[in-house]
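**Student:** Next input, structure requested:
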Amino acid sequence: MDFDPHVLPEARLKRLLLVLLLLMPLFGMAVDLISPSLPAMATELGEPDSAIKNLISLYLLGYALGNFFSGFLTDAWGRRKLLLGGLLGFVLISLLPIWLPTLPALLATRLIQGLMVGTISVVARSVFPDVLAPQELVRMGVITGSMFGLGPIIGPVLGGYLQVYAGWQACFVFFAASMAVMALLVAWHVPETHFRRHALNLPTIRQNLREVLQHRQFMGMVILMGAIYSMSIAFNTVGPFIIQSRWHYSPIVFGHIAFGLGCVFLLATFLCRWLVARSPVARVQQGMTRLLLAVTATGLILGQCWPDSLTLLCGISALMFFSQGMLFPMSMGRGLALFRHIAGTATALMFLINILMTSLTSFVLSLLAVHDAPSLLAVYLILALICFTANRWLIQPAQPPRAADSVA
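**Tutor:** Sure, this is the predicted structure:
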């Protein structure tokens, strides 16, 4: 199955890229699919809401750790075996809550699911720099953002219907079945692509880590990605309890709301793709961080006047998802294009930091009394301030334009 990426036939390359792109919606769905079921899990298992919310924070913690360690492993050992191992591990662990429907089993499942998806996502994204030129890599970053965006669109709607008609365990059946199909496709169509292996030793790891961590622009993009992604996770963590438990809407209604927000995210990724072909990426990022800050500040002010307005919460959340769809993929593409020679390490650090930020946000929200719309809008504003600060003080003052900027 090994090949020289420089002579990879076009048809084979297209199949490889298609399979990897098909994985992206499942990454985005891993949180959104179970969100409509969180209140029902709390009720059926007799557990407090705060404990059930940890299903999201533990998944994100596992995702961050899986990203980090698999980055070093994939640079040292290659892509294919780790990719298949992560897929099969995810399938097996997803079956546990079906046979053992308890809170400890759910918490363990979500942590290990996160570890497996973290491994899969790093390895899959590390394949792109192996087979694509730099000018294609930034555009692929936007396309992967669009594909990832299908998960938040499909996930909550599917999760809402699964909850109403089959119960929360059906979500884990779907997880296992979909990843089993993807494991077969990867086995057939994704060969080994990484041949310039880096020795798995501490001096090499320290050198690669130092190179990435000392890059000011890269770190700014990572922090921005973490803050903007934390906003959508805040909605998925707190939103079901506000909309379903406090305002007494059904899981299907919540699923349809999340579907609409996911459509906004996807639309933004398409607009981002159009803009980066016509305008400097730095200018687009600057404009979007300013707009996001203004929108969230306005939303918090309006939320004091209409604290129980579903329309207001959905409107501000939609603008937030739009900003995420613009900022996340362009930052990811630019960041990875800076370190093509150690793509696994760069990808690992990128997603370790931004997912740890997201996991911490979710965990803090499970501890704090964020039970109404104004509190959630205040969380949006704090995260928008982090986005604005990262862009203003870390990304904008970067050194002269590099390959990632010249492409845009």
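**Student:** where's Ala297, which helix or strand?
**Tutor:** helix 281-305 (DSSP states H and E).
**Student:** Pull the residues that contact that helix.
**Tutor:** For helix 281-305, contacts defined as Cβ atoms under 8 Å, 6 or more residues apart in numbering pick out 224, 228, 272, 275-276, 309, 312-313, 315-316, 319-320, 323, 326-327, 330-331, 334, 373-374, 377-378, 380-381, 383-385, 387-388, 391-392, 395-396, 404-405, 408. Bear in mind the C-beta positions are built from the backbone N, C-alpha and C, glycine included.
**Student:** now these: which count as buried?
**Tutor:** 224, 228, 272, 275-276, 312-313, 316, 319-320, 323, 326-327, 330-331, 334, 373-374, 377-378, 380-381, 383-385, 387-388, 391, 395, 404-405, 408 (16 or more other Cβ atoms under 10 Å).
**Student:** Now, the residues you listed that are in helices?
**Tutor:** Using DSSP state H, 224, 228, 272, 275-276, 312-313, 316, 319-320, 323, 326-327, 330-331, 334, 373-374, 377-378, 380-381, 383-385, 387-388, 404-405 are the members of the buried ones among the contacts of helix 281-305 that sit in helices.
**Student:** in the stretch 151-300 of the chain, which spans are helices?
**Tutor:** Ranges of helices in the stretch 151-300 of the chain, per DSSP state H, counting those that start in this stretch, are 169-189, 202-213, 216-240, 251-276, 281-305.
**Student:** any chance of these in a markdown table, with distance to Ile342 too?
**Tutor:** Shown next, in a markdown table, are these (distance: least, Cβ to Cβ, whole Å):
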| stretch | distance to Ile342 |
| --- | --- |
| helix 169-189 | 23 |
| helix 202-213 | 5 |
| helix 216-240 | 12 |
| helix 251-276 | 24 |
| helix 281-305 | 22 |
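**Student:** any idea which of those is most buried?
**Tutor:** Among these, ranked by average contacts under mean count of other Cβ atoms under 10 Å, first place goes to helix 216-240 (a mean of 25).
**Student:** and that one, what does it pack onto?
**Tutor:** helix 10-32, helix 49-77, helix 251-276, helix 281-305, helix 310-337, helix 343-367, helix 373-390 (3 or more Cβ pairs under 8 Å, 6 or more residues apart in numbering; DSSP states H and E).
**Student:** List just the one of these that sits closest to Phe90.
**Tutor:** Nearest to Phe90 among the helices and strands packed on helix 216-240 is helix 10-32; the distance by Cβ to Cβ comes to 9.1 Å.
**Student:** Can you name the residues in contact with whichever helix or strand comes after that closest one?
**Tutor:** Next along the chain after helix 10-32, taking DSSP H and E as the criterion, comes helix 38-45. Helix 38-45 is contacted from outside by 47-49, 51-53, 55-56, 101-103, 106, 163, 167-168, 240-241, 244-245, 251, using Cβ under 8 Å, 6+ apart.
**Student:** would you put the C-alpha positions of helix 38-45 in CSV?
**Tutor:** Output of helix 38-45 as CSV, limited to C-alpha atoms (Å, rounded to 0.1, in the frame of the first residue of the first chain):
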residue,chain,number,x,y,z
LEU,A,38,-28.2,15.4,27.9
PRO,A,39,-31.4,16.4,29.9
ALA,A,40,-32.9,12.9,29.3
MET,A,41,-29.7,11.2,30.4
ALA,A,42,-29.8,13.2,33.7
THR,A,43,-33.4,12.2,34.3
GLU,A,44,-33.1,8.5,33.3
LEU,A,45,-29.9,7.9,35.2
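**Student:** re the thing from before, distance to Gly86 and mean pLDDT for the helices and strands packed on helix 216-240 - can I get that in CSV?
**Tutor:** Converted to CSV, those look like this (distance: least, Cβ to Cβ, whole Å; pLDDT from 0 to 100):
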stretch, distance to Gly86, mean pLDDT
helix 10-32, 10, 89
helix 49-77, 7, 85
helix 251-276, 24, 87
helix 281-305, 31, 93
helix 310-337, 19, 89
helix 343-367, 13, 82
helix 373-390, 29, 95
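**Student:** what about those, which gets the closest to Gln214?
**Tutor:** helix 343-367 (11.3 Å).
**Student:** buried stuff in that closest one?
**Tutor:** Neighbour-count burial for helix 343-367 [16+ other Cβ under 10 Å]: 343-363, 365-366.
**Student:** got it, and stretch 151-165?
**Tutor:** Neighbour-count burial for stretch 151-165, counted by 16+ other Cβ under 10 Å, picks out 151-160, 162-163.
**Student:** Sounds good, over and out.
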